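Colleague: My questions are about this predicted structure, shown below with the sequence.
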Amino acid sequence: MKEFDPVAYKKMVKSYQDRDDPMGWFDSIYTDAEGDHTAVFWADLEPSPYLLAWLESCVSKHLGRKAIVIGCGVGDDAEALSEAGYEVTAFDISSEAIRLCKNRYPSTTVDYLVADLFDYPSQWAERFDLIYECNTIQVLPGKYRIQARDAMVSLLALQGYLLVSCRSRLSGEQESDVPLPLDKKEINGFVGCGLSEESFEAYDDTQEPPVPHFFASYKSLG
Ligand SMILES: C[S@@+](CC[C@H](N)C(=O)[O-])C[C@H]1O[C@@H](n2cnc3c(N)ncnc32)[C@H](O)[C@@H]1O
């Protein structure tokens, strides 16, 4: 199994971004894990505690509703949504990520599939009561971040919720390199898409040194 080398990683990502192939490298992160989901360096291997807290805060509203997880990685958040009662679709552009999910959860009720956020099946449009995005925008560059946000919003049904969990930064801080955290202006772009901000938290995680994050929920007006 390949040892994770942060310098080589950033160089590799930059080489893809420089040739305008910003999604070309994701599968390599999962294939490098050689079938072991615990070896995916960015996987927390547990659902986000902020997602769990959000789910608990409105527990009666989930049963039978449709949720979709963007860039689901190795599946922890998708499984948490399923346990909360959602009918869950979880997709990733990496076929190896989806293979890891299916091997990890052989009896799952989550529909794991390979798909591209920028070219998703047309029947998904405006279909989901809950969209969950964790850490995908921050690994995309430039215009793809805006396109990703707009594609996420386009999946949302009337009165649906969109949750965004991501690294954060102050405006003007660290403007290149991967991951590029979102600043407040960028995350406010979801409000600019016609959603209302229902909750917003800025927090530091438990790493040493702590890494700043945002967790926000938005609601479709309609
Ligand atoms: C930083 S990882 C986060 C994975 C997971 N959400 C987590 O929090 O552990 C970003 C994920 O987004 C996926 N991804 C990137 N671009 C995508 C796209 N256009 N469509 C679907 N998935 C994409 C990557 O393959 C990767 O699994």
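Modeller: Happy to help now that I have it.
Colleague: residue in this protein nearest to the ligand?
Modeller: Closest to the ligand within the chain is residue 71: 2.4 Å, counting by CB to the nearest ligand atom. In short, each C-beta sits where N, CA and C put it, glycine included.
Colleague: so what's that residue closest to, chain neighbours aside?
Modeller: Distance criterion CB to CB, 6 or more residues apart in numbering; nearest residue to residue 71, sequence neighbours excluded, is residue 136 at 3.8 Å.
Colleague: any residues touching stretch 131-147, and which ones?
Modeller: Contacts to stretch 131-147, defined as CB atoms under 8 Å, 6 or more residues apart in numbering, come from residues 13, 17, 22-23, 26, 42, 48, 51, 67-71, 73, 77-78, 81, 117-118, 148-149, 152-153, 155-156, 160-167, 178-182, 186, 189.
Colleague: swap the cut-off to 7 Å and go again
Modeller: Stretch 131-147 has contacts (CB atoms under 7 Å, 6 or more residues apart in numbering) with 17, 22, 48, 51, 67-71, 77, 81, 118, 148-149, 152, 155-156, 162-167, 178-182.
Colleague: Show me these that map onto strands.
Modeller: 67, 68, 69, 70, 156, 162, 163, 164, 165, 166, 167 (DSSP state E).
Colleague: List just the nearest of the residues you listed to residue 173.
Modeller: Taking CB to CB as the measure, residue 173 lies nearest residue 167 of the ones in strands among the contacts of stretch 131-147, at 11.3 Å.
Colleague: And the closest residue to the closest one other than its chain neighbours, how close does it get to residue 33?
Modeller: Once flanking residues are discounted, residue 167 sits nearest to residue 181: 3.6 Å by CB to CB, 6+ apart. Relative to residue 33, residue 181 is positioned 24 Å away (CB to CB, to the nearest Å).
Colleague: do the same with residue 10
Modeller: According to CB to CB, residue 10 and residue 33 sit 19 Å apart.
Colleague: Looking at the two, which is more packed in?
Modeller: The neighbour count for residue 10 versus residue 33, taken as other CB atoms under 10 Å, is higher for residue 33 (21 against 14).
Colleague: Now name the helix or strand holding that one.
Modeller: Counting by DSSP states H and E, no helix or strand carries residue 33.
Colleague: For the nearest residue to it once chain neighbours are set aside, grab the count of nearby residues.
Modeller: Counting by CB to CB, 6+ apart, residue 39 is the residue found nearest to residue 33 once chain neighbours are left out, at 3.9 Å. Residue 39 has 18 neighbouring residues, counting by other CB under 10 Å.
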